[in-house]
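1. Below is the sequence, then the predicted model.
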Protein chains: 4
Amino acid sequence: MRFNVIVVGSTGLVGQRLVYMLSKHPWFNLIGITASRDKANKKYKDVVKWSLDSKMPESIMEMEVYDTNLDIIDSLKPDIVFTALPTEVSKEFDIQLVKKGYIVVSHASNNRMDKEVPLLNPEVNADHINISKLQGNKWKGKLFKVPNCATSILTLVLKPIYDNFGLRHVFVSTMQALSGAGINGVSSMAILDNIIPFIEHEEEKIENESLKILGEVTSEGIKLNESFYVSASVHRVNVLEGHLESVYLKTNKDVDVEDIKKSLIEFKENKIKNLSLPTKPLQPIIVRNEKDRPQPRFDRNEGNGMSVVVGRVRKDSRNWIKFNVLGHNTIRGAAGNGILIGELIAKNYNDIIQ
Amino acid sequence: MRFNVIVVGSTGLVGQRLVYMLSKHPWFNLIGITASRDKANKKYKDVVKWSLDSKMPESIMEMEVYDTNLDIIDSLKPDIVFTALPTEVSKEFDIQLVKKGYIVVSHASNNRMDKEVPLLNPEVNADHINISKLQGNKWKGKLFKVPNCATSILTLVLKPIYDNFGLRHVFVSTMQALSGAGINGVSSMAILDNIIPFIEHEEEKIENESLKILGEVTSEGIKLNESFYVSASVHRVNVLEGHLESVYLKTNKDVDVEDIKKSLIEFKENKIKNLSLPTKPLQPIIVRNEKDRPQPRFDRNEGNGMSVVVGRVRKDSRNWIKFNVLGHNTIRGAAGNGILIGELIAKNYNDIIQ
Amino acid sequence: MRFNVIVVGSTGLVGQRLVYMLSKHPWFNLIGITASRDKANKKYKDVVKWSLDSKMPESIMEMEVYDTNLDIIDSLKPDIVFTALPTEVSKEFDIQLVKKGYIVVSHASNNRMDKEVPLLNPEVNADHINISKLQGNKWKGKLFKVPNCATSILTLVLKPIYDNFGLRHVFVSTMQALSGAGINGVSSMAILDNIIPFIEHEEEKIENESLKILGEVTSEGIKLNESFYVSASVHRVNVLEGHLESVYLKTNKDVDVEDIKKSLIEFKENKIKNLSLPTKPLQPIIVRNEKDRPQPRFDRNEGNGMSVVVGRVRKDSRNWIKFNVLGHNTIRGAAGNGILIGELIAKNYNDIIQ
Amino acid sequence: MRFNVIVVGSTGLVGQRLVYMLSKHPWFNLIGITASRDKANKKYKDVVKWSLDSKMPESIMEMEVYDTNLDIIDSLKPDIVFTALPTEVSKEFDIQLVKKGYIVVSHASNNRMDKEVPLLNPEVNADHINISKLQGNKWKGKLFKVPNCATSILTLVLKPIYDNFGLRHVFVSTMQALSGAGINGVSSMAILDNIIPFIEHEEEKIENESLKILGEVTSEGIKLNESFYVSASVHRVNVLEGHLESVYLKTNKDVDVEDIKKSLIEFKENKIKNLSLPTKPLQPIIVRNEKDRPQPRFDRNEGNGMSVVVGRVRKDSRNWIKFNVLGHNTIRGAAGNGILIGELIAKNYNDIIQ
């Protein structure tokens, strides 16, 4: 089982992670990478400002970067297209691609809330993939969206709690890493010895996307989960990678801290869709019992960046549950999740394209 | 009106701030400073690791540091003693001082929850000063406590909301500055590119002290306010000064965002005790309307570090109020508040000592 | 003595410092500020991304920002024009201004090495102002340049050493602050937990401008000092303000460390031009004897940012002198020096314009 | 070929690196680890404040930590003892160990300049191992020292230059990482937004040890190389790992930049002793041609942290050579070099013990 894939928008931070992870993927052949016109027709190593701690793979260095346009993509005939474009560009280009018939896994925030577009965090809602069929009357291809970074991390933890104990309220205050804003997103003068308590549109994404990811498959698409709600406050902090979230939540049933932990540790995957996928972490949620974990620098790479780490699970005097959850925002929260979605698609390829 | 004052424990971060602010105070003569024995009988400039951005005042540089012991303090005959000792030391030494008859303003966390000991955040609860009379049967002097840093900042904002709209729940996730842990409290290897989601005993302090500061004066001392509760999650971040707090709260009455802002802006001081005190800021609470404020580096020095700055006041879909509040933790949250308490005591001196 | 002045390019970091320092200047009336077209005709507070720790002065907040063009400047009739434009813009606009007859103090790097253009670090070479007369045959106005930031800091220290002991070699390794690159010059992702050992064209500026600043006035302009040479290696570090330089130098005569220190401490000003100027620091060079100073965060504001601080003066086994020098790069190294030059011009105004 | 080894002082930063690297070493069995008494008789994972980015190996977690004393070491009978103790302790304990007959590889700075004690940077001076024979009249065992971190990095680069072109002067200004001071060595309050231009005794170590490492084997021990000299200025910067050094040097012969680069790239190992050792990097010196490298965060892990990276090689107007060199200070500069020395000893074991 080998699939030909391309990365559209390969030089940004998420693009770099995609290229890195795809350069040695067991199922995917990376047959093309694109970037904006000024970088086209040059070698990848000469146009990318490589920003990962891991070295650029040799196999990628010499790859030619193509211009991001439909004709070139047509000439490549990819089975799956991963897009990591700025939202303003993505909202048009994604649609052009699916109209042409491509299967697209898109990282930008456009179309995420469309009810017939699967917004996937595979361990949580792999079964949502089925609603892609409803796209049939809109275009030839299929669009799949990768959720917002902080939301992917959060919903992975909300899912087992919701399933086991029900949920009413979720309050989340995030401390988000610099990489979430891209290579040049946050100036050093703005963030040294500082915190910025704002990220454009981020709170709405967390609040809305969570309800869709934990939503229900219906004949008309995904129905938002309206049994609980999420309220978010976001902050940018001076950390390279790893979003840390401080969560308060109220379950339907009163539960013990140990029950919560058990439900998190035992959570493995979506019950409906088989997830023997190469990028799926052995343990999606790791629970730590030390009094001062998770910490971004020490815990962000758990499960190759695909696991989230929960710590300080406790209950307050009114039986609200509190904890911290940490996830690698450009892996679990972006490129890694994108590839996991790609793998899920690959596994269900015949179903999807028919 | 001049009072002779001393600073016990003058070389730590809070001690330095106290010494700095007292070196040019309109009401207080700084007649002595103490430190642990190894620093005694030397010049201040030779034993202190000066860590404020402002330069050490000339008048202090040459001051002799005394050993922290009762005989020396007796020889100085101070009207007011400010203590900034480690809690383990303070819990004994404070009591020795008040037993000897001194009026003590103490920064450590011991005895803060004693019901006859005023825990003061003057704009909020200056009237609590009166309960110091109840200490009469325990010792000759009087003990006054400065609250926990994050709590002083938080309660300043809770007070007008509580008074105007009532309060039920308060959830607070803090992002606390390095200075809160003292000069050597946080290793650089521990915090660079990192966040530590834990500070020993800090959450309990915020949760408990808030209820006392907004508590009620009774004939037996302060009765905790049990009409609401506070649940806290604390985090240490790589910022020099300024605690930023992300607050979610539910009022008794449904309110508009503009009403909340108005109540914060109009809040000036405790209704019972006159507060024409030199260190009181003109505007205890500053409300900013920009979408990305308050920020520690740019807002921590408002009102000479004595004002707190509120921003991003908004309401979520279930009518919970959300906002950020920032305060200078070693000024508003510690030394500045200590001196404001000292001034309140000075103004009511005859009342207190009789 | 009052002069009407304007700031061209008022919204960058150097522009902000200029506006801040001019907003309350004893000799200068700030009658206009300009910026690029998209910011024109708006209030300063609405277009500037204020990045100084000091608050924006009230008097400036409401000032209207003009478009940067000659007609508007003509309508303002300023006595002195301070320009803080990007070099690509400055190299044309400076010349247009001096052709029109304006007296221009320019911060960009264009024209700095022209031999009839004074490149001024007033305590060092205020007498170079006289060569501005040689510009008479090129244009009606006069152009004065502010040197490179690291160079201003370095040459202030080289001058007394050169005068007293002669100089042969100077090796300097700089650790330069983020502010030197402007508000958005260095991405946080690039510099956190990192150092960048390169700043475009910076080494050439230090090596060349030093020789001009310590050069000689001749009838044809400034003759470079060729009796010594400077070799520079520059590094960007994660510090907000304050360039720290590690200097090795060889004097002509063998000297004692104490002689070097004495010459630095006693250095006050240029011998030829009187420098009773408001922005001149009392002590241009401060020498510290502690083993671990100067440090950017603690020493950069000495003399209101106009003094440089020298420390660790010592001699190695082959009689090379080593020390560190620190200066506030956007004050001493840029805007503060620019204003000092403006004051020097004001004091010699009649001479210059005749 | 298997050797039983122990790590004495296993919980500090260098101790952690040693334990990590030895936990899966092809030649060495880690049979014991020690620490100070308060940590003894507990599991490693319960007493260590693990500070490496790599996870603690499972095999180590449960290891019992022994008290650092001779009786316990005697009971373990190690072939080689690695010590990573504080200098004050090491200077006594190292000697007790060698008197007892052990072969000791010691990281502390005591005894480094003793002329019959090999101070080894294997690619540079593996042949110095032979002088350990001269220790025979002092004690039964043999003492080998790991050089100062900044010195190991520097001398690796000086060696090929010295061999090919001769050396006269070396000026080095270092920017050293936090890890060099140990887990709690630098307070975050001291270094955030700051640089400290001082590290106790560091400059003397660089200046002296360099001359020994490039020294000559004589019948009386190592004779210092007196044909050149090194002058150092050291600075602590806010970087986790990786010492960056700015070097100026004068060779005996005038050389081209390309010749220097060639000599660095071609340098592989000591000519006398064979170095097919598992920890030796394929390429001890990597030369980069980009204008802005090496950078600590991106280059410190080259060759698993055992290679140094050189960049910006250039020549100034007086034919001095300038460049930057970066090395991982706790791997190449400490534990990695210690293990490489251990391997060199293992390879020559029979020679050494006879």
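-> Ah, there it is. Numbering: from 1, shown residues only, chains lettered A, B, ... in the order given.

2. So which residues on the stretch 1-150 of chain A come close to chain C?
-> A:13, A:51 (Cβ under 8 Å from any Cβ of the partner chain). The C-beta positions use only the backbone N, C-alpha and C, and glycine is treated the same way.

3. Quote the end-to-end distance of stretch A:228-241.
-> Terminal residues of stretch A:228-241 are spaced 29 Å apart (Cα to Cα, to the nearest Å).

4. and it, average pLDDT?
-> Averaged over stretch A:228-241, pLDDT sits at 98.

5. Check stretch A:255-264 too.
-> 98.

6. Show residues contacting it.
-> Outside stretch A:255-264, the residues that touch it by Cβ atoms under 8 Å, 6 or more residues apart in numbering or on different chains are A:157, A:160-161, A:163-165, A:285, A:287, A:310, A:313-315, A:321, A:323.

7. in that stretch, what's buried?
-> For stretch A:255-264, burial by neighbour count (16 or more other Cβ atoms under 10 Å in any protein chain shown) applies to A:255, A:259-261, A:263-264.

8. try stretch A:1-20
-> Neighbour-count burial for stretch A:1-20 flags A:3, A:5-20 (criterion: 16+ other Cβ under 10 Å).

9. where do the helices sit along the stretch 151-300 of chain A?
-> A:188-191, A:202-213, A:257-266, A:296-299 (DSSP state H, counting those that start in this stretch).

10. what does the longest one contact?
-> Residues from elsewhere that reach helix A:202-213 (Cβ under 8 Å, 6+ apart): A:109, A:112-113, A:119-121, A:124-125, A:128, A:147-148, A:150-151, A:154-155, A:158, A:170, A:172, A:174, A:176, A:222, A:224-226, A:228-234, B:316-317.

11. Show the buried residues in the residues you listed.
-> Here, 16+ other Cβ under 10 Å leaves A:109, A:112-113, A:119-121, A:124-125, A:128, A:147-148, A:150-151, A:154-155, A:158, A:170, A:172, A:174, A:176, A:222, A:224-225, A:228-234, B:316 buried among the contacts of helix A:202-213.

12. what about the residue in chain A positioned nearest to chain D, neighbour count?
-> Chain D sits closest to A:Asp193 of chain A, with a gap of 5.2 Å, by Cβ to the nearest Cβ. By other Cβ atoms under 10 Å in any protein chain shown, the residues close to A:Asp193 number 20.

13. Now for it: which residues touch it?
-> B:238-240, B:296-297, C:240, D:192-193.

14. Now the strand or helix carrying A:Val313: buried residues?
-> Using DSSP states H and E, the element containing A:Val313 is strand A:308-315. Neighbour counts over strand A:308-315 (16+ other Cβ under 10 Å) mark A:308-313, A:315 as buried.

15. List, one by one, the residues from chain A near chain B.
-> Residues of chain A lying close to chain B by Cβ under 8 Å from any Cβ are A:169, A:171, A:173, A:175, A:192-198, A:207, A:229, A:231, A:233, A:235, A:237-240, A:244, A:246, A:248, A:291-298, A:311-312, A:316-318, A:320, A:322, A:324.

16. List only buried entries from the residues you listed.
-> A:169, A:171, A:173, A:175, A:192-198, A:207, A:229, A:231, A:233, A:235, A:237-240, A:244, A:246, A:248, A:292-298, A:311-312, A:316, A:320, A:322, A:324.

17. State the distance from A:Trp27 to A:Leu18.
-> According to Cβ to Cβ, to the nearest Å, A:Trp27 stands 14 Å off from A:Leu18.

18. Show the pLDDT at the residue lying closest to A:Tyr102 once chain neighbours are set aside.
-> Nearest residue to A:Tyr102 in three dimensions, chain neighbours excluded: A:Gly141, at 4.5 Å (Cβ to Cβ, 6 or more residues apart in numbering or on different chains). Looking at A:Gly141, its pLDDT is 97.

19. Then A:Lys271?
-> 84.

20. what about it, neighbour count?
-> By other Cβ under 10 Å, neighbour count at A:Lys271 equals 10.

21. Just want the phi and psi numbers for it.
-> Dihedral angles of A:Lys271 (phi, psi; degrees, to the nearest 10) stand at phi -80, psi -20.

22. Show me the helices in the stretch 1-150 of chain A, by range?
-> Under DSSP H, counting those that start in this stretch, the stretch 1-150 of chain A gives helices at A:13-22, A:44-47, A:58-61, A:70-76, A:87-99, A:122-125, A:149-165.

23. Could you check the second one and say which residues are buried?
-> The reference is to helix A:44-47. Within helix A:44-47, the residues scored as buried using 16+ other Cβ under 10 Å are A:44, A:47.

24. Can you tell me what sits against that helix?
-> So helix A:44-47 is in contact with A:10-11, A:19, A:33, A:35, A:39, A:56, A:60-65, going by Cβ under 8 Å, 6+ apart.

25. if we can go back for a sec, could you identify the helix or strand that succeeds the strand holding A:Val313?
-> On the C-terminal side of strand A:308-315, the closest following helix or strand by DSSP H and E is strand A:321-327.

26. contacts for that following strand?
-> A:149, A:152-154, A:156-157, A:161, A:242-251, A:255, A:257, A:260, A:294-296, A:299-300, A:307-316, A:333, B:197, B:231, B:233.

27. Report the inter-axis angle for that strand versus helix B:202-213.
-> Going by axes from the mean of the first three to the mean of the last three Cα atoms, to 10 degrees, strand A:321-327 is angled at 140 degrees with respect to helix B:202-213.

28. pLDDT on strand A:321-327, on average?
-> Averaged over strand A:321-327, pLDDT sits at 98.

29. Around chain C, pick out the residues from the stretch 151-300 of chain A.
-> Near chain C, when you scan the stretch 151-300 of chain A using Cβ under 8 Å from any Cβ, you find A:178-179, A:183-193, A:238, A:240.

30. Which positions in the stretch 201-350 of chain A make contact with chain D?
-> Counting by Cβ under 8 Å from any Cβ, the residues of the stretch 201-350 of chain A that sit close to chain D are A:297-298, A:301.

31. Once you drop chain neighbours, what's closest to A:Asp292?
-> Nearest non-adjacent residue to A:Asp292, counting by Cβ to Cβ, 6+ apart: B:Phe198, 3.9 Å away.

32. Show the contacting residues for the nearest residue to A:Phe28 once chain neighbours are set aside.
-> Closest residue in space to A:Phe28, ignoring its immediate chain neighbours: A:Val5 at 4.6 Å, by Cβ to Cβ, 6+ apart. A:Val5 makes contacts with A:22, A:28-31, A:78-82, A:342, as judged by Cβ under 8 Å, 6+ apart.

33. give me that answer again for 6 Å
-> A:28, A:78, A:80 (Cβ atoms under 6 Å, 6 or more residues apart in numbering or on different chains).

34. What does A:His201 show for phi and psi?
-> With angles defined as degrees, to the nearest 10, A:His201 sits at phi 60, psi 0.

35. Could you check how far the closest residue to it other than its chain neighbours is from chain B?
-> Nearest residue to A:His201 in three dimensions, chain neighbours excluded: A:Ser109, at 7.1 Å (Cβ to Cβ, 6+ apart). Distance of A:Ser109 to chain B, given as Cβ to the nearest Cβ, to the nearest Å: 18 Å.

36. if I look at A:Ser109, how far off is A:Lys91?
-> Distance from A:Ser109 to A:Lys91, by Cβ to Cβ: 9 Å.

37. A:Gln283 too?
-> 36 Å.

38. mind checking pLDDT for the nearest residue to A:Glu266 once chain neighbours are set aside?
-> With Cβ to Cβ, 6+ apart as the criterion, A:Glu266 has its nearest non-adjacent residue at 7.3 Å, and that residue is A:Pro160. On the pLDDT scale, A:Pro160 is placed at 98.

39. Please tell me I have it right and A:Pro160 contacts A:Lys268.
-> No. Counting by Cβ atoms under 6 Å, A:Pro160 sits too far from A:Lys268 to count as a contact (9.4 Å).

40. Same drill for these two, tell me which one is more crowded.
-> Neighbours were counted for A:Pro160 and for A:Lys268 using other Cβ under 10 Å; A:Pro160 has more, 21 against 15.

41. Tell me the bridge partners for A:His243.
-> Judged by DSSP bridges, the bridge partners of A:His243 are A:Gly327.
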